[in-house]
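Student: Sequence plus the predicted model coming up.
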Amino acid sequence: MFPETAKCRRVLFTVALFSLPGTRALTTIQSAISFRPSPSPRFDEFSEKLLGEWSWWHDGETAVTGSVQEVMRSCGGVVQGVREVPGLFPTKENKDGIYLNRSNDGFVFFDQDASYSFGPVALTVEASNGHDTWISSLGMGKSRLCIVSASVNGLKEEKEATASSDRCYQLFRKESWNNDNDFCNIHLIDDPSAAIVWSKILQCKTCSLNHPWMLQRVKWESLSFDTNVMGIIKMDQVGSGPLTAWKLVQSSSDMTIFYPQELLMGQASTAISLGAICSQTGYVKSIIRQYSITDNTLQSVALLEGRLNLDGDVEGLRL
């Protein structure tokens, strides 16, 4: 398991040939009201936003188009899940696109857009050898960011988080696709170096710390900070330009450096998060999964929305 004091390993995926202008302070933490109960997302509304054709650059060289498709139950009549676009997952088992089954407890979706998180319900103690697949899709307006990791835990003898076979793609709808879109190889850096003001959180979590993870029995809740912080965002332009993304593997004690302290579960945990920044508008979105450090089981999944804290000046930002 991850030691509580372990330094997080930060991985930045750059989806455009941009460079960091310099170090900034990390997240601005706001005082907030408590979480409120929230209805669970509707699968039909989520799938409606995800289904259909998407285009992206594969390995920065080839333009590819693929479709997300519904998967019906074998008995027919009911949609059981969706199959992601082929090509994002270059393995024999997933050559037709990975199957996201709505009854899979590790698949958590959000119906406000095409955002979801797919991963194991428990971290493995040994290296995964490719058995664990981690995927996050972040709806970013005119596009979405899909981050794929064949392994993110790698809980080996050195007790350090490792990442392997990471891939990051920015996918566009047909009407938003153009030949200016590009893909850059993954870059590892020491710090995302972005000051973020979080606006809202939607999360699901176990009813109690000792309760096993079952998606049908999780508690959904939401929290809104000062909604005025999103006022400067030109939402009709979000995702039309290049995105920058990060992956963080942290202990819960380090998590609040970058995320609101309201996400803490009340016990030590391992937090695995993926996020995206629209450098054109300053819009930010992130998904974070927390696992108990005691038994490595999933405790919560949260979707966060916010913006870069640049005093309203986001024009020309280069991340």
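Tutor: Nice, thanks for sending it over.
Student: For the one helix or strand Ile272 maps to, name the packing helices and strands.
Tutor: Secondary structure from DSSP states H and E places Ile272 in strand 269-278. With contacts taken as 3 or more C-beta pairs under 8 Å, 6 or more residues apart in numbering; DSSP states H and E, strand 269-278 sits against strand 134-140, strand 243-251, helix 252-255, strand 283-292, strand 298-308. Placement of C-beta: from N, CA and C, glycine included.
Student: Can you lay out the ones you listed as TSV showing mean pLDDT?
Tutor: Listed next are those as TSV, based on pLDDT from 0 to 100:
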stretch	mean pLDDT
strand 134-140	90
strand 243-251	83
helix 252-255	82
strand 283-292	92
strand 298-308	93
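Student: Out of those, which gets nearest to Ser40?
Tutor: Evaluated over the helices and strands packed on strand 269-278, closeness to Ser40 peaks at strand 298-308, with 12.1 Å, by C-beta to C-beta.
Student: pLDDT of the longest helix along the chain, averaged?
Tutor: For the chain, the helix with the greatest residue count under DSSP state H is helix 43-50. The average pLDDT within helix 43-50 is 94.
Student: Following element in sequence after it, please.
Tutor: strand 52-58.
Student: still on that earlier bit, pull up the pairing partners for the strand holding Ile272, direction included.
Tutor: Sheet pairing of strand 269-278 (DSSP bridges) gives strand 243-251 (antiparallel), strand 283-292 (antiparallel).
Student: could you give the angle of the last one to strand 134-140?
Tutor: Same thing as strand 283-292. Strand 283-292 runs at 150 degrees relative to strand 134-140, counting by axes from the mean of the first three to the mean of the last three C-alpha atoms, to 10 degrees.
Student: quick one: strand 283-292 to chain centroid distance?
Tutor: When distances are taken as C-alpha atoms, centre = their mean, to the nearest Å, strand 283-292 is centred 6 Å away from the chain's centroid.
Student: thinking again about what came up before, nearest to Leu50, of the strands paired with strand 269-278?
Tutor: strand 283-292 (14.6 Å).
Student: what about Val301, distance to Phe172?
Tutor: From Val301 across to Phe172, the span is 26 Å (C-beta to C-beta, to the nearest Å).
Student: nope, Phe46 is what I was after
Tutor: 19 Å.
Student: Take the helices and strands packed on strand 269-278 and write them to TSV, including mean neighbour count and distance to Glu53.
Tutor: Listed next are the helices and strands packed on strand 269-278 as TSV, based on neighbours: other C-beta atoms under 10 Å; distance: least, C-beta to C-beta, whole Å:
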stretch	mean neighbour count	distance to Glu53
strand 134-140	25	15
strand 243-251	25	19
helix 252-255	20	37
strand 283-292	25	22
strand 298-308	24	24
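Student: got a markdown table for those, with distance to Asn228 too?
Tutor: Below are the helices and strands packed on strand 269-278 laid out as a markdown table (distance: least, C-beta to C-beta, whole Å):
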| stretch | distance to Asn228 |
| --- | --- |
| strand 134-140 | 21 |
| strand 243-251 | 24 |
| helix 252-255 | 26 |
| strand 283-292 | 15 |
| strand 298-308 | 11 |
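Student: Show me the shaky parts of the stretch 151-300 of the chain.
Tutor: Applying pLDDT under 70 to the stretch 151-300 of the chain picks out residues 151-165, 179-194, 226-227, 229.
Student: Assumed Gln203 was part of a strand.
Tutor: Yes - according to DSSP: H, G, I helix; E, B strand; the rest coil, Gln203 belongs to a strand.
Student: could you list every residue that touches the residue nearest to it when sequence neighbours are not counted?
Tutor: Leaving aside its chain neighbours, Gln203 sits nearest to Ala302 (3.5 Å; criterion: C-beta to C-beta, 6 or more residues apart in numbering). Taking C-beta atoms under 8 Å, 6 or more residues apart in numbering as the criterion, Ala302 is in contact with 201-204, 263, 287-288, 290.
Student: again, only using 7 Å
Tutor: 201-203, 263, 288 (C-beta atoms under 7 Å, 6 or more residues apart in numbering).
Student: Lys205 now?
Tutor: By C-beta under 7 Å, 6+ apart, Lys205 lies in contact with 218-219, 299-300.
Student: Likewise for Cys146?
Tutor: Applying C-beta under 7 Å, 6+ apart to Cys146 gives the contacts 88, 135, 137, 169, 171.
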